[in-house]
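# please work out how this folds:
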Amino acid sequence: MPGGLSVSRGRAIVLGAGIIGAACAWRLAQRGFDVIVIERESAPATGSTGRSAAGVRHQFSEEVNVRLSMASIDEYRQMPQAAYRAQGYLFAVPGDAWNAHREAARMQRALGAPVETITPAEAARRVPMTLDGLGGATWCPSDGVVDPHGICLEYVARARALGARFVFGEAVEHLERRDGLWRARGSSARFEAPLVVNAAGPWAGELARSASLIVPVSPARRIVFTTAPLPEDLRACAPYPWTIDLASGVYLRSEGERLIFGCSNPADTGFEEGIDWLWLEEVYTRALTRFPWFERLAIDRRACWWGYYEMTPDANPVLGRMPGAPGWINACGFSGHGVQQAGAVGRVIAEEACGEAAFIDIDALRIERFSHRAEDRSNRERLVI
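Alright, predicted model coming up:
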């Protein structure tokens, strides 16, 4: 073989062993595919999956995202390794966004999600906050938290039990289709299969470019800050549910006797590494406008962490076959929602690979949407944290 690299052949190559790639590998193996999963890291769930803030929710502005999350949460409820806890999500919504948010809540309820619209005063009884500028709030008690590591490792175990092969520490450098096969060249080996699933998270766009394809997925660093144990009187209010102030973008939730919190920095794009401590000052300033008691919190710098979102222009994932690239299927661009939607996505991608109609209609998430409506943002997912 050219370059002396060994060649592994299968029926499907999955790029990435995070929660999305692992779910796809399991579902493909269930369908009888000989699956090879290639992961640049040394173990599964060590990229974005392992650095997730672990929330799962039904509250999205786009119907397809609600459906994907609902089906995934249903799957996680039945999986002991998911450690699903219904801790709830509370959205505090400014007046100028309340009408659109209330309409989204109606849609969520119509799909079966137990989402409640409540007054700002009712929201403040759940989590102490100022009411200035709020138009209303929504609360869903079945939203909550999971263990992303546990879910991903369970998918890996299920896939392996069905014969899937996992290759770790192998960075794919180039992809091409020749003679009816996708050929992936890694740093120390080559892989061939008629099908490839691009589940490479923040690297999905980069890997697509190596195959001369355009998949509009790019990395964005996100930072999760962690407090020291809360003062006793604030601890009495715990556990704090996932709480999102849409006016400032600040979120928080309980993690044991502490809080984790953060706020997305839209300028923090690309493969920046480490924690941006200057951003902490901005987040604190924003948080104080809604949660004045933040001035009493101390930070545990050793417990803070960072990771990557895989962003698309409309904050919706890219799912399905790639036009003009036979055998290429995208499962990427989740914009912070990969853990929330992995269970359903694994099923959808396996159905797509088998030429079947998906159990959830993903037409709105196909890559063709970017060429059809270059400037149309009406389907943009608004509830991105």
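# what's the burial count for residue 337?
Residue 337 has 28 neighbours, counted by other C-beta atoms under 10 Å. In this view, the C-beta of every residue, glycine as well, is placed from N, C-alpha and C.
# give me every residue that touches it.
Residues near residue 337 by C-beta atoms under 8 Å, 6 or more residues apart in numbering: 60, 65, 69, 317, 384.
# what is the nearest of those residues to residue 193?
Checking the contacts of residue 337 against residue 193 by C-beta to C-beta gives residue 317 as the nearest, at 22.6 Å.
# mind listing residues that contact the longest strand anywhere in the chain?
The single longest strand within the chain, with elements called by DSSP state E, is strand 218-226. For strand 218-226, the surrounding residues in contact (C-beta under 8 Å, 6+ apart) are 51, 53, 202-203, 205, 255, 258-262, 264-265, 268-273, 275-276, 279-280, 283, 299-300, 303-311, 336.
# got the CA coordinates for that strand in CSV?
These are the backbone C-alpha positions of strand 218-226, laid out as CSV (Å, rounded to 0.1, in the frame of the first residue of the first chain):
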residue,chain,number,x,y,z
SER,A,218,-17.2,25.8,12.5
PRO,A,219,-15.9,25.7,16.1
ALA,A,220,-16.7,28.1,18.9
ARG,A,221,-15.2,28.0,22.3
ARG,A,222,-17.6,27.9,25.3
ILE,A,223,-16.6,28.3,28.9
VAL,A,224,-18.3,26.9,32.0
PHE,A,225,-17.5,28.6,35.3
THR,A,226,-17.9,26.9,38.6
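# what's the following helix or strand after that strand?
helix 232-235 (DSSP states H and E).
# tell me the mean pLDDT for that next one?
In this model, helix 232-235 carries a mean pLDDT of 94.
# the residue nearest to residue 286 when sequence neighbours are not counted: neighbouring residues, count only.
Nearest residue to residue 286, sequence neighbours excluded (C-beta to C-beta, 6 or more residues apart in numbering): residue 248, at 4.0 Å. Using other C-beta under 10 Å, residue 248 has 19 neighbouring residues.
# could you list every residue that touches residue 248?
With C-beta under 8 Å, 6+ apart, residue 248 has these contacts: 263, 286-287, 289-290.
# ok, 10 Å please
92, 94, 263, 282-283, 285-291 (C-beta atoms under 10 Å, 6 or more residues apart in numbering).
# hey, where'd the helices end up in the chain?
Along the chain, counting by DSSP state H, helices occupy 19-30, 63-77, 95-110, 120-126, 148-161, 204-210, 232-235, 277-290, 338-353, 369-372.
# dump the ones you listed into a markdown table; add distance to residue 217 and mean neighbour count as well.
Below are those laid out as a markdown table (distance: least, C-beta to C-beta, whole Å; neighbours: other C-beta atoms under 10 Å):
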| stretch | distance to residue 217 | mean neighbour count |
| --- | --- | --- |
| helix 19-30 | 12 | 30 |
| helix 63-77 | 16 | 21 |
| helix 95-110 | 25 | 15 |
| helix 120-126 | 34 | 16 |
| helix 148-161 | 19 | 21 |
| helix 204-210 | 4 | 20 |
| helix 232-235 | 39 | 12 |
| helix 277-290 | 23 | 16 |
| helix 338-353 | 11 | 26 |
| helix 369-372 | 11 | 13 |
